[in-house]
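Q: Compute the structure for the input listed below.
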Amino acid sequence: MRVMQYNLQVADTAGMNAEKIAEETEDLACNVVVMNVGGIYAWYSSEVRYHHVNEFLPKDRDLLKELIDVFHKRNIKFVARFDFSITDDTTYLQKPQWFARHKDKSPYFRGEKRMGNWSLFLNTCANSGYRNEEAAVPILKEVLIRYDIDGIFLNAPMASACFCERCRDKYQAVYGVPMPEEEKDFDPNWLSRCTKDNIRVLHEAIKETKSNVPLILYYIPYSWDFPGAGRIDRDSIYERYATAEMICTESQDILSRGVLGGIPETCNTMLAMKAGQRDDEALKPFGIIHSCPGMDWRHVGLPVAEYLPWMCQVPASGGILWHSVTGYPDTITDKRILKAVGQVDRMIVKSEADMEGAKSEAEAVLLWDGRAASRSWADGLTRNHIAFDLMQDYYINQDHLNQYPLAIVPDGVLKEKGVQEAVEIYVKQGGRVIVENTDSDEASFAHECLGIEPDVRAGEYLTASYLRFEEAGALLKKDMDTDKIAFRGAVSYCSPAQGSLVLATLVPPFAPLEVVGAPPERASIPVEYTDIPLAVKRQNGKGELIYLPFALSSLLQEYKLSDHYQLIGNMVDLLVGKRKLEVQAPTSVQITMYKTDRSYLIHFVNETGERPLRDTIPVQGICASLKVPEGRIVTGVRTVVEDQQLSWRENEGRVDIRLDQVAVWEMIAVDLD
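A: This is a model prediction of the structure:
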């Protein structure tokens with residue numbers, strides 16, 4: 001599938017030519033369209049009370065039916081978009097009990113400073129009648145009965161942090177304690193639970209009315225604060241699938257934050273796709289990519305060089321690309337958007353047959369809690385061309401974990417329920433693990449697992465320090481002609497247990513930060529050697545574990561030095577030896593790999609250049625070496641997407657490939673007998 005969402009503006013309704021829009025959508029190689037239907041505005045003559053009908057609709061014909069019919073004639077599926085998260089002030093005046101409240105009882109106003117002759121919007125409460133049986137349910141049933149839609153998409157279904165009496169009573173009933181006065185103190189599952197309870201009602205209504213129409217629901221991979229709605233909590237993907245047939249997540253490339261304000265990481269889209277997949281990979285998530293560089297610039301497009309690989313990460317990571325644009329083709333004046341959409345969709349068409357039924361073929365599994373440390377480790381693995389999957393910290397599956405040669409446990413994850421036990425079993429059975437942990441109490445509790453003595457003490461934040469490679473850790477400095485690399489941060493001071501090896505140690509600060517630059521005559525390192533571990537390796541059963549008592553993830557996030565990325569790659573190689581897939585390419589080229597009964601499928605997405613990307617900089621001479629399963633014969637190697645030239649040869653159980661060039665996205669298929 002290739003999905004196009006037209007975010008329609010009511011003032012443009014009069015200019016909508018259904019036949020022309022359908023033709024232009026087909027020209028973009030999209031075969032699913034998503035359009036506004038109900039909730040904030042009804043794009044048809046709704047008979048449900050309090051459902052605000054679009055004032056700009058034609059009076060003499062049914063525009064919605066026209067659109068659905070012309071799309072269906074072109075074999076384009078029609079998904080109806082509903083948004084029950086806000087409604088207007090006339091409803092608030094009549095049904096104030098339907099609306100979300102701050103703790104001072106005031107409602108959440110949305111866009112009250114918007115200029116023009118518009119009604120005022122307010123946030124609705126997820127536990128109220130509006131989002132449930134009194135408005136949302138009859139609206140959904142009305143559309144399902146009257147129109148031949150192919151799916152329903154609920155936009156912005158997340159519960160606001162609401163302090164109304166209904167929510168307070170529900171919180172007390174669920175948790176047995178009064179609702180906290182600050183939303184940051186809510187139970188971590190509270191907002192997600194409210195969303196789930198609301199969606200269950202809507203899902204049941206959809207199934208009762210027309211059981212074959214799927215519900216598409218948002219999945220939130222990270223917790224964050226949303227202006228106008230407050231706190232939004234990370235979801236359980238399995239809970240979302242319990243009340244929906246399909247899920248989607250979006251990766252906004254919000255360049256309007258500014259480079260200094262923190263634009264999204266390059267691998268943001270890949271992570272959203274991986275976080276949106278169950279461990280059985282039975283269903284692919286939709287990846288929503290907005291065309292704009294931030295909603296405050298929603299009427300223009302992302303730089304094309306930035307936009308193309310951002311979109312391509314979706315299919316290269318096993319997702320279904322869902323374009324999101326403001327308006328429809330006649331009202332989109334930045335035509336570069338439509339050109340880029342069509343270009344990527346036609347690339348996807350080339351890959352679809354090979355990717356049908358493909359499963360991820362990853363070297364590592366990253367235990368995932370959505371926090372900064374996990375995201376940094378994902379970045380580190382990506383830049384080392386290590387294919388990886390995610391395992392949610394709330395759904396640790398021992399059998400699934402055991403399928404991977406390597407597991408990564410980022411800072412803060414070891415304490416989650418079942419993680420330590422699963423890691424210990426995994427290592428004993430032959431697994432390799434890297435554990436990052438900065439909590440001294442947690443490390444003391446898990447000391448046997450980590451290969452250290454139980455006496456662990458929290459240290460202060462260190463600057464002007466170094467990580468020194470020890471003889472036992474000589475492999476950690478591969479391709480780094482140095483005895484030490486930069487270090488900063490707090491250390492959990494520990495000692496290795498008997499039988500454990502110290503791979504790296506701390507070189508303490510050579511000077512206070514304020515005098516590191518002068519005078520150089522006093523820049524000598526007073527203590528060049530300590531026995532304070534920064535990396536400890538322990539063997540247990542058939543496997544091995546490396547413990548890092550500091551936050552390598554923070555160093556990656558803050559400084560992005562090549563040495564810290566190299567350290568990750570070298571730790572992986574120390575543990576697993578020769579990788580199944582070895583790639584020689586710039587760190588800016590993302591690698592993912594999938595497998596079918598007949599082929600290995602290796603994706604290369606080129607993100608080379610200074611972000612945001614202003615130019616497409618082709619990467620030339622990429623080399624890859626893939627281990628061929630015993631008993632299988634390589635019958636051919638081919639490029640699929642960009643049709644680039646390559647050469648290949650078999651070599652001692654591996655196939656060595658040289659790809660001449662990748663411009664944006666290429667997929668190599670290694671075909672087997």
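Q: Run me through the strand neighbours of the top strand by length along the chain, direction for each.
A: For the chain, the strand that runs over the most residues, judged by DSSP state E, is strand 457-469. Applying DSSP bridges to the sheet, strand 457-469 is found paired with strand 484-493 (antiparallel), strand 501-507 (antiparallel).
Q: contacting residues around the residue of the chain most remote from its centre?
A: Taking CA atoms, centre = their mean, the residue of the chain most remote from its mean C-alpha position is Glu521, at 49.0 Å. Applying CB atoms under 8 Å, 6 or more residues apart in numbering to Glu521 gives no contacts. Every residue, glycine included, has its C-beta placed from N, CA and C.
Q: and it, what pLDDT?
A: Per-residue confidence (pLDDT) for Glu521: 90.
Q: Tell me the secondary structure at it.
A: Put simply, Glu521 is helix when judged by DSSP: H, G, I helix; E, B strand; the rest coil.
Q: So it versus Ala511, what's the distance?
A: Relative to Ala511, Glu521 is positioned 12 Å away (CB to CB, to the nearest Å).
Q: Run through the residues that contact the residue nearest to Asp296 when sequence neighbours are not counted.
A: The shortest distance from Asp296 to any non-neighbouring residue, by CB to CB, 6 or more residues apart in numbering, is to Ser256 (5.1 Å). Ser256 makes contact with Pro293, Gly294, Met295, Asp296, Trp297 under the criterion CB under 8 Å, 6+ apart.
Q: By neighbour count, which of these wins?
A: Neighbour counts for the contacts of Ser256 (other CB atoms under 10 Å) peak at Pro293, which has 22 neighbours.
Q: Pretty sure that residue sits in a helix.
A: No: per three-state DSSP, Pro293 lies outside any helix segment and is coil.
Q: I figured it hits Gly258, correct?
A: No: taking contacts as CB atoms under 8 Å, Pro293 lies outside contact range of Gly258: 10.6 Å.
Q: Is there a neighbour count for Gly459? I'd like the number.
A: Close neighbours of Gly459, defined as other CB under 10 Å, add up to 19.
Q: Tabulate the strands paired with strand 457-469 (a markdown table), appending mean pLDDT.
A: A markdown table is the format used below for the strands paired with strand 457-469 (pLDDT from 0 to 100):
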| stretch | mean pLDDT |
| --- | --- |
| strand 484-493 | 97 |
| strand 501-507 | 98 |
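Q: winner for burial among those?
A: strand 501-507 (a mean of 23; mean count of other CB atoms under 10 Å).
Q: Mind listing residues that contact it?
A: Strand 501-507 is contacted from outside by 462, 465-470, 472-473, 476, 484, 487, 491, 496, 525, 527-538, 546, 574, using CB under 8 Å, 6+ apart.
Q: quick one on the thing from earlier: dump the contacts of Ser256 to TSV, plus pLDDT and distance to Ile386.
A: Converted to TSV, these look like this (pLDDT from 0 to 100; distance: CB to CB, whole Å):
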residue	pLDDT	distance to Ile386
Pro293	95	30
Gly294	93	31
Met295	92	34
Asp296	93	36
Trp297	94	35
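Q: Do a quick rundown of the strands in the stretch 551-673 of the chain.
A: Assigned by DSSP state E, counting those that start in this stretch, the stretch 551-673 of the chain shows strands spanning 581-584, 589-595, 599-606, 619-627, 634-639, 646-651, 654-662, 665-672.
Q: mind checking which of the ones you listed is nearest Gly412?
A: Nearest of those to Gly412, taken as CB to CB: strand 589-595 at 25.2 Å.
Q: by how many degrees do the closest one and strand 599-606 diverge?
A: 160 degrees (axes from the mean of the first three to the mean of the last three CA atoms, to 10 degrees).
Q: Could you list every helix and strand in contact with strand 589-595?
A: Helices and strands touching strand 589-595, by 3 or more CB pairs under 8 Å, 6 or more residues apart in numbering; DSSP states H and E, are helix 304-316, strand 359-360, strand 581-584, strand 599-606.
Q: Which positions in that strand come out as buried?
A: In terms of neighbour count (16 or more other CB atoms under 10 Å), strand 589-595 has its buried residues at Val589, Gln590, Ile591, Thr592, Met593, Tyr594, Lys595.
Q: ok, the fifth one - contacts?
A: Same thing as Met593. Ser360, Glu361, Ala362, Ala387, Leu581, Tyr600, Leu601, Ile602, His603.
Q: surely the second one meets Phe388?
A: No: Glu361 is beyond contact range of Phe388, at 10.8 Å (criterion: CB under 8 Å).
Q: that older thread, would you mind giving the contacts of Met593 as TSV with distance to Gln172 and pLDDT added?
A: Below are those laid out as TSV (distance: CB to CB, whole Å; pLDDT from 0 to 100):
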residue	distance to Gln172	pLDDT
Ser360	43	95
Glu361	49	96
Ala362	44	96
Ala387	47	97
Leu581	53	98
Tyr600	55	98
Leu601	52	98
Ile602	54	98
His603	50	98
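Q: ok so, going back, so which of the contacts of Ser256 comes closest to Ala126?
A: The closest of the contacts of Ser256 to Ala126 turns out to be Met295 (CB to CB; 22.5 Å).
Q: I'd like to know how far the closest one sits from Tyr6.
A: Here Met295 is placed at a distance of 16 Å from Tyr6 (CB to CB).
Q: Who does Ala504 form a beta bridge with?
A: Taking DSSP bridges as the rule, Ala504 bridges to Phe469, Ala535.
Q: Throw the helices and strands packed on strand 589-595 into a markdown table and include mean neighbour count, thanks.
A: A markdown table is the format used below for the helices and strands packed on strand 589-595 (neighbours: other CB atoms under 10 Å):
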| stretch | mean neighbour count |
| --- | --- |
| helix 304-316 | 25 |
| strand 359-360 | 14 |
| strand 581-584 | 18 |
| strand 599-606 | 25 |
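Q: of all those, which lies closest to Gly342?
A: Proximity to Gly342 (CB to CB) singles out helix 304-316 among those, at 11.2 Å.
Q: Check the offset of the closest one from the chain's centre.
A: Relative to its chain's centre, helix 304-316 lies at 14 Å (CA atoms, centre = their mean, to the nearest Å).
Q: I'd like to know which elements it is packed against.
A: The contact analysis (3+ CB pairs under 8 Å, 6+ apart) places helix 304-316 against helix 268-275, strand 286-290, strand 320-326, helix 335-355, strand 589-595, strand 599-606, strand 665-672.
Q: which stretch in the ones you listed has the least confidence?
A: Lowest mean pLDDT within these: helix 268-275, a mean of 93.
Q: Check what contacts that helix and list those residues.
A: Applying CB under 8 Å, 6+ apart, the set of residues contacting helix 268-275 is 219, 221, 237, 249-251, 253, 265, 285, 287, 289, 310-311, 313-314, 316-319, 368, 370, 375, 378, 382, 388-390, 392, 590, 592, 605.
Q: send the alpha carbons of that helix over as PDB?
A: What follows is helix 268-275 as a C-alpha-only set of coordinates in PDB (Å, rounded to 0.1, in the frame of the first residue of the first chain):
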ATOM      1  CA  ASN A 268      13.800   8.800  13.900                       C
ATOM      2  CA  THR A 269      11.600   7.300  11.100                       C
ATOM      3  CA  MET A 270      13.300   3.900  11.300                       C
ATOM      4  CA  LEU A 271      12.800   3.800  15.000                       C
ATOM      5  CA  ALA A 272       9.100   4.700  14.700                       C
ATOM      6  CA  MET A 273       8.600   1.800  12.300                       C
ATOM      7  CA  LYS A 274      10.600  -0.700  14.400                       C
ATOM      8  CA  ALA A 275       8.700   0.400  17.600                       C
END
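Q: Fine by me, thanks again.
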